[in-house]
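*Asks:* starting from these lines, generate the structure:
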Amino acid sequence: MGSKPKVTIHHIAEKLNITASTVSRALNDNPRISEVTKKAVLKAAKQLNYQPNNIAAALRNGKSYIIGIIVPTADRAFFASVVRGIEEIANKLNYKVIISQSYDNYEKEVQTIDALLSARVDGIIASIGKNTENFDHFKRTQEKGIPLVLFDRTTDALEVSQVMIDDYLGAYKVVEHLIQQGCRRIAHFTSPKKVSIFKERLRGYMDALRDYEVPFYEELVIKSNLQLEDGRSSMEELLQLEVQPDAVFSASDYGAMGALQVLKEKGIKVPQQIALAGFGNEPFTSFSDPALTTVDQFSLTMGRITAELFFEHFKTGPDQKLVPQKTVLKPELIIRGSSLKADAPKS
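*Replies:* Just a heads-up that it's a prediction; the model follows:
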């Protein structure tokens, strides 16, 4: 069964017995068109289920009023909250967003950039995938004069505005807290990927150990994709050691949750025997038993600031060069039952 032909302004013009140019002006709220005609055009457009051609409009006007957003995955509360913050600002300025997922796949990320450029978006806001090490597709965006802003997972290889959390400070605070709880063999779940956020969290972990003169053990640093199943397998690996850790700091809440599942299944008390902490403040962290100590990344605020930086691109004149800005948000350590050894019952 063939698809119905697309309704154009010519169909509306034919229905109302007016010219296509009059329809176009009415749809664009041109002051030269009477209110009576505008209402008739809008009514006919609705009856015919007319959908404007945004690409054609962008070609005519130089603006589509659409922003492309690329996230590694949309099913994480962090990314969903950042997108909400971006939309809050964008919608106030009559912009809409297209949300695409890279699934941390480099090829998918490149294809998404190409698709968004073909759709004539006015700009792109992105969080780089874990597997991206070549940034030519982002450079191509800049070469075309398309505004680009990065958030959370960023890179200094691109001269663009960036918004991120102080991952180093967040990790340092977690490990400092665990040390203050009496922990001395602190394990760390990190990522093997060359992603700045995980490198900074690893650096914060190692510096806190050094500053408090707590030994660093290579075998206590385990690399994985930091998902729930990775947390489980990493915890199983740690429990095979001759001397087990007395705390685990995971660079993601999902890894920490996987570890918690294994410890509970084996009857190992949290935090009395092994304390746990994650990073991200995902919603489930406050509902686990015990509730999970974590780091709040202020994702909604990050989204709003990212959008504000993005729209700065449109305030500069054609002969002015926008100076990239790096905004670093201060994280908050949220201490919950999973790490409070001092307050935990001994039995």
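*Asks:* helix or strand for the closest residue to residue 303 other than its chain neighbours, which one?
*Replies:* Spatial nearest neighbour of residue 303, chain neighbours left out: residue 85 (2.1 Å); criterion: C-beta to C-beta, 6 or more residues apart in numbering. All C-beta atoms are positioned from the backbone trio N, CA, C, and that covers glycine. Using DSSP states H and E, residue 85 sits in helix 77-92.
*Asks:* in that helix, what's buried?
*Replies:* Neighbour-count burial for helix 77-92 flags 78, 79, 80, 81, 82, 83, 85, 86, 87, 89, 90 (criterion: 16 or more other C-beta atoms under 10 Å).
*Asks:* adjacent strands (with direction) for whatever helix or strand comes next after it?
*Replies:* As assigned by DSSP H and E, the chain's next helix or strand after helix 77-92 is strand 96-101. When pairing is defined by DSSP bridges, strand 96-101 lines up against strand 66-71 (parallel).
*Asks:* residues contacting residue 186?
*Replies:* Counting by C-beta atoms under 8 Å, 6 or more residues apart in numbering, residue 186 touches 175, 178, 179, 205, 209, 214, 220, 245, 246, 247, 248, 249.
*Asks:* you'd agree residue 241 is in a strand?
*Replies:* No - the assignment for residue 241 by DSSP: H, G, I helix; E, B strand; the rest coil gives coil, which leaves it out of any strand.
*Asks:* quick check: it vs residue 250, distance?
*Replies:* Residue 241 sits 17 Å away from residue 250, going by C-beta to C-beta, to the nearest Å.
*Asks:* so for the two, which sits in the more crowded spot?
*Replies:* residue 250 (32 against 13; other C-beta atoms under 10 Å).
*Asks:* which residues does that one bridge with?
*Replies:* With DSSP bridges as the rule, residue 250 is bridged to residue 189.
*Asks:* okay, it: pLDDT?
*Replies:* The model reports residue 250 with a pLDDT of 98.
*Asks:* from what I can see it touches residue 228, true?
*Replies:* No - the pair residue 250 / residue 228 is not scored as a contact, 10.7 Å apart, by C-beta atoms under 8 Å.
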